[in-house]
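Visitor: Sequence below, structure please.
(one chain, ligands or ions: 3)
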Amino acid sequence: MSQATAPNTATIEEVQTGPVPRHVAVIMDGNGRWAGERDLPRWEGHRAGMSSVREIIEGAAEAGLEHLTLYAFSEENWSRPADEVEALMALLEEYVATERAELAEKGIRVTVFGSLERLGEGAIRAIAELEGATAEGTSLHVHLAISYGARGEIVAACRSLARRVAAGELDPEEITADQFAHALYTSAWPDPDLLIRTSGEMRISNFLLWQLAYSEIFVTDVLWPDFSRAHLFGALIDYRGRDRRFGLVRSP
Ligand code: IPE
Ligand code: IPE
Ligand code: MG
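Guide: Ligands and ions are numbered 1, 2, ... in the order given. Predicted structure coming up:
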């Protein structure tokens, strides 16, 4: 794992000189601290973080990524104070209302995954509108993790396989890692090549535990509301220097 780094940035021209990862996942962290540093309420940090979401989606499309997965709200985040949860849900609706048309215009497809049954009516409607409006997009595919927890996802996958075994449709001996992966929310897209976490925390926080098995990890001290496309490009350049061995030995 790389150490928390001094902010390193790059330009789109530098990114265009070489290959980029297919799939980048981001733990968008540090909104509360960003607000605290400015004596603002936490929700102001979340609002400021929305501009970074817009910027990073644009940057990812510009860089030519195929998939961008953004951790927006964890299952554990439901236990935050009710006013913060309400503010986050209101921001989700606001985000969809303001960004939907532009995302569709740019050919960006957005899908949402997580325990969505826990969301209120307004948020569920907003998600359906966002997915519907952007369904034809063929450039970047953005996956938003909302009310998501990897342990819950893995348990649900076990349950669905167990149901098939109980129904006599599946022999337990035939369960493979590939088959297991197909029972996860993420079955239709490749595992992340690169995980970025902002705000310097060196942990996964129940995000994509299965899918991150061989992802490269990039932690930056930059707080999410300050994370710009130049920071994303810096992380993409850093990734280029990684030696992904997948447990094998380097070719001579
Ligand atoms: C990330 O920022 C956003 C969510 C988890 C919803 P935080 O709200 O966790 O900000 P910090 O970590 O307290 O600074
Ligand atoms: C992870 O951040 C969840 C999201 C970014 C949505 P948290 O702030 O909730 O994680 P911890 O509490 O620092 O592990
Ligand atoms: Mg946090």
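Visitor: CA atoms for contacts and neighbours, from now on please.
Guide: Fine.
Visitor: just the strands in this structure please.
Guide: Here the chain has its strands, by DSSP state E, at 23-27, 67-74, 109-113, 141-148, 194-197, 216-219.
Visitor: and those as a markdown table, adding mean pLDDT and distance to Phe207?
Guide: Formatted as a markdown table, the entries for those read as follows, by pLDDT from 0 to 100; distance: least, Cα to Cα, whole Å:
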| stretch | mean pLDDT | distance to Phe207 |
| --- | --- | --- |
| strand 23-27 | 99 | 8 |
| strand 67-74 | 98 | 8 |
| strand 109-113 | 98 | 12 |
| strand 141-148 | 98 | 8 |
| strand 194-197 | 98 | 10 |
| strand 216-219 | 98 | 13 |
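Visitor: Ligand 2: which of those is closest?
Guide: Ligand 2 lies closest, by Cα to the nearest ligand atom, to one member of the strands of the chain: strand 67-74, at 3.8 Å.
Visitor: by contact count, what packs against that closest one?
Guide: Packing partners of strand 67-74 (3 or more Cα pairs under 8 Å, 6 or more residues apart in numbering; DSSP states H and E): strand 23-27, strand 141-148.
Visitor: Mean neighbour count and distance to ligand 2 for the ones you listed - can I get that in TSV?
Guide: Formatted as TSV, those follow (neighbours: other Cα atoms under 10 Å; distance: least, Cα to the nearest ligand atom, whole Å):
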stretch	mean neighbour count	distance to ligand 2
strand 23-27	24	5
strand 141-148	22	8
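Visitor: With ligand 1 as the reference, name the closest of those.
Guide: Across these, ligand 1 has its closest neighbour in strand 23-27 (7.8 Å, Cα to the nearest ligand atom).
Visitor: Name whatever forms a beta bridge with the closest residue to Glu216 other than its chain neighbours.
Guide: Nearest non-adjacent residue to Glu216, counting by Cα to Cα, 6 or more residues apart in numbering: Leu194, 4.7 Å away. Here Leu194 sits in beta bridges with Val24, Glu216, going by DSSP bridges.
Visitor: give me phi/psi at whatever residue of the stretch 101-250 of the chain ends up closest to ligand 2?
Guide: For the stretch 101-250 of the chain, the residue closest to ligand 2 is Ser205, as judged by Cα to the nearest ligand atom, at 4.5 Å. The phi and psi values for Ser205, taken as degrees, to the nearest 10, are phi 50, psi 50.
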